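S.K.: Turn this into a structure:
(2 chains)
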Amino acid sequence: SQELEQSPQSLIVQEGKNLTINCTSSKTLYGLYWYKQKYGEGLIFLMMLQKGGEEKSHEKITAKLDEKKQQSSLHITASQPSHAGIYLCGADPGGAQKLVFGQGTRLTINP
Amino acid sequence: GAVVSQHPSRVICKSGTSVKIECRSLDFQATTMFWYRQFPKKSLMLMATSNEGSKATYEQGVEKDKFLINHASLTLSTLTVTSAHPEDSSFYICSARDRGVGYTFGSGTRLTVV
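M.R.: A predicted model of the protein is given here:
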């Protein structure tokens, strides 16, 4: 089965600082999804990456998928309190037509 | 964009009773929906894949008789937690594949069994 390792599991940064969250798989990623969740609420879709080397940006958030399609990173520039939450990477385990998730990264932004 | 509605958002039930959670795709048809469970400060654990008109596919370790899934129409899947016990207390969330290749999530249901 496909297992996704997210790191770090918890991250505390000063407002205005940049940060990176990583998501690694032992198998090829067929579709890598990034979501954000406020605790006890639903998931907010951020980005989806499919092609090796692909990079997408939305506002201050950039996500990349490496050439081998086994690792993705999520980078936030000039973090703001609104970026606080749980970030989850999810992947479709190779044709299974379902989405499984990494452990999540809990991001706290200190003013 | 695609919207998935989940109801109720919170439910408290007595031990031994059953609870039904609904997941609806509001503006698209979803032949496949998914049910997840999330423990406090943990990630989402896929419980089962709900297939319209056929039996659900359960992940390893998930009790089929405890978590009954029905996907009777292209816009509605239900999860029934039968004979609920305090250990079933959790956050349950559904999702559906939308028209593209994305997955849209409901807002979740917090179940508390007392």
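
S.K.: contacts and neighbour counts: CA atoms only from here.
M.R.: OK.

S.K.: so which helix or strand takes in the residue positioned nearest the centre of chain B?
M.R.: Most central in chain B under C-alpha atoms, centre = their mean is residue B:35, positioned 3.8 Å from the mean C-alpha point. Per DSSP states H and E, residue B:35 falls inside strand B:32-38.

S.K.: on that earlier part again, which residue sits closest to the residue nearest to the centre of chain B in space, ignoring its chain neighbours?
M.R.: The shortest distance from residue B:35 to any non-neighbouring residue, by C-alpha to C-alpha, 6 or more residues apart in numbering or on different chains, is to residue B:94 (4.5 Å).

S.K.: Then residue B:10?
M.R.: Counting by C-alpha to C-alpha, 6+ apart, the residue nearest residue B:10 is residue B:110, at 4.7 Å.

S.K.: what about whichever residue of chain B sits closest to chain A, helix or strand, and which?
M.R.: As assessed by C-alpha to the nearest C-alpha, chain A sits closest to residue B:107 within chain B, at 3.9 Å. Using DSSP H and E, residue B:107 falls within no helix or strand.

S.K.: which bits of chain A sit near chain B?
M.R.: Within reach of chain B by C-alpha under 8 Å from any C-alpha of the partner chain, chain A has these residues: A:40-45, A:48, A:88, A:98-104.

S.K.: now do 6 Å
M.R.: By the rule C-alpha under 6 Å from any C-alpha of the partner chain, the part of chain A lying against chain B is A:41-43, A:103-104.

S.K.: Just the residues you listed: which are in strands?
M.R.: Secondary structure assignment by DSSP state E places residue A:43 of the residues of chain A next to chain B in strands.

S.K.: neighbours around residue A:99, how many?
M.R.: Neighbourhood size, residue A:99 [other C-alpha atoms under 10 Å in any protein chain shown]: 21.

S.K.: typed the wrong thing, it's residue A:111
M.R.: By other C-alpha under 10 Å, the residues close to residue A:111 number 9.

S.K.: Also residue B:26?
M.R.: 13.

S.K.: Relative to residue B:36, how far out is it?
M.R.: 19 Å (C-alpha to C-alpha, to the nearest Å).

S.K.: which stretch of helix or strand covers the nearest residue to residue B:37 once chain neighbours are set aside?
M.R.: Leaving aside its chain neighbours, residue B:37 sits nearest to residue B:92 (4.6 Å; criterion: C-alpha to C-alpha, 6+ apart). Using DSSP H and E, residue B:92 sits in strand B:90-97.

S.K.: neighbouring contacts of that strand?
M.R.: B:33-39, B:103-106, B:108-111 (C-alpha atoms under 6 Å, 6 or more residues apart in numbering or on different chains).

S.K.: pull the CA atoms of it into PDB?
M.R.: Taking Å, rounded to 0.1, in the frame of the first residue of the first chain, the C-alpha atoms of strand B:90-97 are listed here in PDB:
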ATOM      1  CA  SER B  90     -14.700  10.600  16.300                       C
ATOM      2  CA  PHE B  91     -14.800  13.100  13.400                       C
ATOM      3  CA  TYR B  92     -16.200  11.500  10.300                       C
ATOM      4  CA  ILE B  93     -15.800  13.200   6.900                       C
ATOM      5  CA  CYS B  94     -16.900  12.300   3.400                       C
ATOM      6  CA  SER B  95     -15.600  13.200   0.000                       C
ATOM      7  CA  ALA B  96     -16.600  12.700  -3.600                       C
ATOM      8  CA  ARG B  97     -14.800  12.800  -6.900                       C
END
